[in-house]
Every structure is written in C-alpha cells, then in structure tokens.
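Participant: coordinates only, sequence not included:
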Ligand SMILES: [Zn+2]
C-alpha cells in the first residue's frame with residue numbers, strides 16, 4: 001500500500017523504465033511544443049514528479065501560465081523527424097553577497 005506521504009507519484013526516472021518515454025511540454029498561449037529526454041530534465045529539476053513540471057517550467061515566450069506537460073512514447077512514425085530538445089549546458093549565475101565589516 002502506498003504511503004500517504006509519498007510525493008513522487010510519477011517521477012521522471014519512471015519514464016526510462018519499460019521503454020524510452022519522452023516529455024512533451026506545450027504552451028497553450030503561444031503554441032510552442034518541445035520534447036525532452038527525462039534525463040535532461042532530471043539534471044535541472046531532480047527526479048521530480050512529472051506533473052509538478054507544469055509549475056516548475058516556464059514558457060520561454062513569457063509568463064504564459066501553466067504549461068501542459070505529458071509523457072509519451074513516440075511510435076515508429078512519430079519518431080521520424082521528431083525534434084528533441086537536448087540540454088547543452090547549465091549556466092550558473094554567480095551573485096555576489098556583501099557584508100559591511
Ligand atoms: Zn508561451
């Protein structure tokens with residue numbers, strides 16, 4: 001029986017089990033859709049619940065509200081020409097913090 005305190009109902013890592021599922025993120029406002037590998041998203045957000053990405057991810061076009069996030073398994077014909085957004089690098093902003101002595 002699952003614990004009532006379980007927060008990860010559907011973690012990103014579960015998408016790698018039993019086939020290679022991808023994550024599709026769609027903005028209803030500007031109609032952008034991007035496909036991601038779960039492993040790339042895990043590097044950024046950790047192994048979080050897939051549904052929680054709706055609130056964690058933001059549209060690059062602006063503040064367009066919650067994004068539609070769904071996991072899918074590309075079928076043979078779908079995977080032809082399917083563009084997948086890959087993580088190239090994570091840039092870390094260095095913010096100076098000062099103190100008067
Ligand atoms: Zn948008």
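Facilitator: Arrived safely, thanks for sending. What you see is a predicted model, and the numbers here were worked out from it, not measured in a lab. Numbering: from 1, shown residues only.
Participant: so where's this structure shaky on pLDDT?
Facilitator: Confidence mapping of the chain against pLDDT under 70 gives the ranges 1-8.
Participant: spell out which parts of it neighbour the ion.
Facilitator: Residues of the chain lying near the ion by CB under 5 Å from the ion: 27, 29-30, 59, 61, 64. Placement of C-beta: from N, CA and C, glycine included.
Participant: can we see that at 8 Å?
Facilitator: Within the chain, the positions near the ion by CB under 8 Å from the ion are 27-32, 59-62, 64, 67.
Participant: ok, which pair from the residues you listed is furthest apart?
Facilitator: 28 and 60 (14.4 Å; CB to CB).
Participant: contacts only, for the residue nearest the centre of the chain.
Facilitator: With distances taken as CA atoms, centre = their mean, residue 41 lies nearest the centre of the chain, 4.7 Å away. Contact analysis of residue 41 by CB atoms under 8 Å, 6 or more residues apart in numbering lists 12, 23, 53.
Participant: at 10 Å what do you get?
Facilitator: With contacts defined as CB atoms under 10 Å, 6 or more residues apart in numbering, residue 41 is in contact with 12, 15, 23, 25, 47-48, 50, 53, 56-57, 69, 85, 87.
Participant: helices - which of the residues you listed land there?
Facilitator: 53, 56 (DSSP state H).
Participant: of the contacts of residue 41, buried ones?
Facilitator: Among those, those classed as buried by 16 or more other CB atoms under 10 Å are 12, 15, 23, 25, 48, 50, 53, 57, 69.
Participant: could you identify the most distant pair in the residues you listed?
Facilitator: It's 15 and 57 that sit farthest apart of these, by CB to CB, at 15.4 Å.
Participant: what residues of stretch 28-37 count as buried?
Facilitator: 34-37.
Participant: save those as TSV, and put in secondary structure too.
Facilitator: Converted to TSV, those look like this (DSSP: H, G, I helix; E, B strand; the rest coil):
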residue	secondary structure
34	strand
35	strand
36	strand
37	coil
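Participant: can you redo the residues you listed as CSV with distance to residue 80?
Facilitator: Formatted as CSV, the buried residues of stretch 28-37 follow (distance: CB to CB, whole Å):
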residue, distance to residue 80
34, 18
35, 13
36, 18
37, 17
